[in-house]
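A.B. asks: pasted the sequence and its predicted model underneath.
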Amino acid sequence: MTTVADGTKAVVDTSDADGAADEAALAMAIDDLAGDAPAGPQGEEEVSETTAPLSADEIAVELAAGAALAAAAAARDRAAGTSGTKAGAKAAGRTAGRAEPEADGSDAPEAAPKAAPGDPEAGGTGALPVTLPAPLRHSGDVIGGRYRLEECISQTETFSSWRAVDEKLRRAVGVHLMAAGHQRSRAVLAAAKSAALLGDPRFVQVLDAVQEGELVYVVREWLPDASDLAKLLADGPLEPYDAYQMVRQVTDAIATAHRRGQAHLRLTPRCVLRTEGGQYRINGIAVDAALRGLPVDDSADSELTDTRAIGVLLYAALTHRWPFPEDRYDLQGLPKGLGQVPPDQVRAGVHKGLAELAARTLCEPPHHPNSISTPEELARAIALMPRIRQPETELPAFTPPRRNPPAQSSPPAAAPPTGHGPTFHGPLPYPQRPRRRRLRRVLKATAWTVALAAVGFSSWQLVGQLRDSGRTPGHPDAAVTLPETAHPQVGTPVPGPPAGTPVEIADVKSFNPLGDSPESVPRLPLTHDGNPDTTWTTLDYKNPLQMIKEGTGLLVDLGSPQQVGSVNVQFVGSTKVELRVPTNQSATAPGRPGDYRVVAQSTGAQADLKPEAPLTTRYLLIWMTDLPKDGGVWHGQVSEIKVTG
């Protein structure tokens, strides 16, 4: 197995062959296929809606089996005195995956192991050909009776990629074409069908995967308005906020895919697309690797491969350099022999937190002691980072319009100086009007003064009422002794801020007493970070929550007893939720769901939980009893929690 420059892996045939003949044949094949990376008209760079181009290493992997076997067969035939014609025929047969008997009766090495007769995976016909040309198609051809091919955007020896039109639904789609007899065809179909079941909107969706006669085709979404990361980096590195959004969204999506048993294995700048709304979509989940013949490793290797690939994307976004010696995707590589260097040593002014994250992802010990090897670890590290805020757009300063004096038909003749009194030249200037900005400031100051006066007057009245209420009627000097309580009772209104005032959340904890452990602890701060794009996620459940346990939730700590008028919770997907408060107030929160009572409930993606009357409490329990289904599993996602008085 060989690791190529961008972190992907491929199988290489290591059969012994004549060294000189092997190198010559491989060099000729690479020269012939130097254009394997697709080019548009007039040699234009490929558009974003395609798979990533092959590197030189991947081209070598692609041709190693066929070229090496052909050279070895030719050398053996020359040694045995076999005619060149027969040697060429035998070499061609081996390249296609068919074993020809040697002179001594033994079988030559094959590019792939032959399946046993009756093997259902091989249809009982033996191994499929290692190489088989991509089906020849032209613009205007119709595939599957509905997909009309418009433009070929990628062409390799194995497959071709097209922009097409779904004539049935009248929409643009992308289509991969491959010969059904190719050895990779079954893996491509299996990967496409598995990706289609993922159902995560953060991935470009696979719409169809069919074998029809001698043709295999995979149909996917087409995003004409999206730009891939390679195109975004054409003008320079990304700003810290944009790089943070990219790595956060891509990592969350890849971590979710791995939790569901999926891996990408070929995550490159061509596969990461940013829409006009700033959302990132990932193209080619599992399918790109199958098309290129990259093997699906065990889960540990797959997680490491995808994690390193995300680190490469972040490194390129921060430094505008490819973190390997070769140049890729119009990015200059690092000098040879430099090794693993953190981003902030390559380019000045790199965000320290993001540079540290990229170093931990790419640099192995001893270059970095706290390396990250799984997408889940990377997601936790991103969640613990200080949030990078979007830079505010500066508005241009307001300039008041200039007023010109009224035009005169003919200027009056200037009187000659007489030496008595002042002499005026031209009309008097208009008095300057006050600037609007100054007027707005005066209005704001007046409004604040009025508001503060109203608050002070209300406070004075409230203090007077409290003093009057503490005296017994008929005995103005006799004070009433009230019972002392450590904490106000739930439901007892106490003087507090005006209704609708935001209440600060001190802490949020996972409340899962009926489960094995807390859920997604590193992402808990995202529930009240003020950014609805960040989410806290429960565990994935294979069955509806009601079949497993009573519910799961979040315990909101306000720091001290506060007056609560409403709680707003934003979910991803329709969620059934209850707002609960402790039955008995205490300094610590109860640990069982039965120790809380329901004061409000809702169903939907936007939950406005309002008790019948304002209540005073320190702890609030967001208790979810029904979670939405997403891609074959049930899980809940909370974007933001807001508490108001």
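C.D. replies: Noted; the coordinates are in hand.

A.B. asks: mind checking pLDDT for the nearest residue to residue 247 once chain neighbours are set aside?
C.D. replies: Once flanking residues are discounted, residue 247 sits nearest to residue 314: 4.7 Å by Cβ to Cβ, 6 or more residues apart in numbering. In this view, the C-beta of every residue, glycine as well, is placed from N, C-alpha and C. Note on residue 314: pLDDT of 96.

A.B. asks: cool, residue 210 as well?
C.D. replies: pLDDT at residue 210 comes out at 94.

A.B. asks: please shift the residue numbers so they start at 123 in all later answers.
C.D. replies: Shifting the count to begin at 123 puts that one at residue 332.

A.B. asks: surely it and residue 314 touch.
C.D. replies: No - using Cβ atoms under 8 Å, residue 332 makes no contact with residue 314, being 9.2 Å away.

A.B. asks: the two: who's more crowded?
C.D. replies: Comparing residue 332 with residue 314 by neighbour count (other Cβ atoms under 10 Å), the higher total belongs to residue 314, at 25 against 15.

A.B. asks: give me every residue that touches the more buried one.
C.D. replies: Residues near residue 314 by Cβ atoms under 8 Å, 6 or more residues apart in numbering: 328, 331, 340, 408, 409, 412.

A.B. asks: tell me how far residue 391 lies from residue 671.
C.D. replies: Using Cβ to Cβ, to the nearest Å, we find residue 391 at a distance of 43 Å from residue 671.

A.B. asks: kindly apply the preceding question to residue 623 instead.
C.D. replies: When Cβ to Cβ is the yardstick, residue 623 and residue 671 sit 36 Å from each other.

A.B. asks: same check, this time on residue 743
C.D. replies: Plainly put, residue 743 is 15 Å away from residue 671 if you go by Cβ to Cβ.

A.B. asks: looking at those two, which is more packed in?
C.D. replies: Ranked by neighbour count (other Cβ under 10 Å), residue 743 and residue 671 place residue 743 first, with 24 against 14.

A.B. asks: what about that one, which SS state?
C.D. replies: Following DSSP: H, G, I helix; E, B strand; the rest coil, we place residue 743 in the strand state.

A.B. asks: thinking it is in contact with residue 691, fair?
C.D. replies: No - at 11.6 Å, residue 743 and residue 691 do not qualify as touching, with contact defined as Cβ under 8 Å.

A.B. asks: hmm, residue 656 is touching residue 646, no?
C.D. replies: No - at 11.0 Å, residue 656 does not count as touching residue 646 under the criterion of Cβ under 8 Å.

A.B. asks: circling back to that earlier point, thought the residue nearest to residue 369 was touching residue 370?
C.D. replies: No - counting by Cβ under 8 Å, residue 436 stays clear of residue 370, with 10.1 Å between them.

A.B. asks: compare the two and say which is more crowded by neighbours.
C.D. replies: The neighbour comparison of residue 436 against residue 370 (other Cβ under 10 Å) goes to residue 436, with 26 against 20.

A.B. asks: what sits against the more buried one?
C.D. replies: Shown in contact with residue 436 (Cβ under 8 Å, 6+ apart): 365, 368, 369, 476, 479, 480, 483.

A.B. asks: sec struct for the first one, please.
C.D. replies: I take that to be residue 365. Under three-state DSSP, residue 365 falls in the helix class.

A.B. asks: the closest residue to it other than its chain neighbours: neighbour count?
C.D. replies: Residue nearest to residue 365 in three dimensions, not counting chain neighbours: residue 439, with 4.4 Å by Cβ to Cβ, 6+ apart. By the criterion of other Cβ under 10 Å, residue 439 has 25 neighbours.

A.B. asks: next structured bit after the strand or helix carrying residue 439?
C.D. replies: Using DSSP states H and E, residue 439 sits within helix 421-441. For helix 421-441, the succeeding helix or strand toward the C-terminus, using DSSP H and E, is strand 443-444.

A.B. asks: neighbouring strands - and their directions - for the helix or strand that that following strand is followed by?
C.D. replies: Counting by DSSP H and E, the element after strand 443-444 in chain order, helix or strand, is strand 454-455. Strand 454-455 has the following strand partners under DSSP bridges: strand 443-444 (parallel).

A.B. asks: contacting residues around the partner strand?
C.D. replies: By Cβ under 8 Å, 6+ apart, strand 443-444 touches 434, 437, 438, 450, 451, 453, 454, 455, 456, 468, 469.

A.B. asks: of those residues, grab the buried ones for PyMOL.
C.D. replies: In PyMOL, this line selects whichever of those come out buried by 16 or more other Cβ atoms under 10 Å:
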select buried, resi 434+437+438+450+451+453+456+468
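
A.B. asks: for the contacts of strand 443-444, give me TSV that also has distance to residue 350.
C.D. replies: Output for the contacts of strand 443-444, formatted as TSV (distance: Cβ to Cβ, whole Å):
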residue	distance to residue 350
434	14
437	17
438	12
450	13
451	9
453	13
454	19
455	19
456	22
468	23
469	22
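
A.B. asks: which of the contacts of strand 443-444 lies at the shortest distance from residue 681?
C.D. replies: residue 437 (40.4 Å; Cβ to Cβ).

A.B. asks: so where do the helices sit in the stretch 223-372 of the chain?
C.D. replies: Remark: helices assigned in the stretch 223-372 of the chain by DSSP state H, counting those that start in this stretch are 307-320, 351-354, 362-381.

A.B. asks: nearest to residue 709, of the ones you listed?
C.D. replies: Distance to residue 709, taken as Cβ to Cβ, is lowest for helix 362-381 among the helices of the stretch 223-372 of the chain, at 36.3 Å.

A.B. asks: list the strands paired with the following helix or strand past the closest one, with their directions.
C.D. replies: Per DSSP H and E, helix 362-381 leads on to strand 394-396 as the next helix or strand towards the C-terminus. If you go by DSSP bridges, strand 394-396 pairs up with strand 349-350 (antiparallel), strand 402-404 (antiparallel).

A.B. asks: could you dump these to CSV with mean neighbour count, distance to residue 300 and mean pLDDT?
C.D. replies: Formatted as CSV, the strands paired with strand 394-396 follow (neighbours: other Cβ atoms under 10 Å; distance: least, Cβ to Cβ, whole Å; pLDDT from 0 to 100):
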stretch, mean neighbour count, distance to residue 300, mean pLDDT
strand 349-350, 20, 23, 94
strand 402-404, 20, 22, 95
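
A.B. asks: mind putting the ones you listed into TSV with distance to residue 716?
C.D. replies: Supplementary listing: those in TSV, determined by distance: least, Cβ to Cβ, whole Å:
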stretch	distance to residue 716
strand 349-350	53
strand 402-404	43
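
A.B. asks: for residue 660, find the nearest of those strands.
C.D. replies: When the strands paired with strand 394-396 are compared by Cβ to Cβ, strand 402-404 sits nearest residue 660, at 22.5 Å.

A.B. asks: contacts for that closest one, please.
C.D. replies: Residues outside strand 402-404 that contact it (Cβ under 8 Å, 6+ apart): 324-326, 345, 348, 367-368, 371-372, 375-376, 386, 389, 393-397.

A.B. asks: just the buried residues of these.
C.D. replies: Among the contacts of strand 402-404, those classed as buried by 16+ other Cβ under 10 Å are 324-326, 345, 348, 367-368, 371-372, 375-376, 386, 389, 393-396.

A.B. asks: helices and strands of the chain: which one bottoms out on pLDDT?
C.D. replies: Within the chain, confidence by mean pLDDT, DSSP states H and E is lowest for helix 206-217 among all helices and strands, at a mean of 37.

A.B. asks: wait, residue 260 sits on residue 273?
C.D. replies: No - under the criterion of Cβ under 8 Å, residue 260 makes no contact with residue 273, lying 10.9 Å away.

A.B. asks: the two: which has the busier surroundings?
C.D. replies: residue 273 (12 against 7).

A.B. asks: which residues touch that one?
C.D. replies: Contact analysis of residue 273 by Cβ under 8 Å, 6+ apart lists 261, 284, 285.
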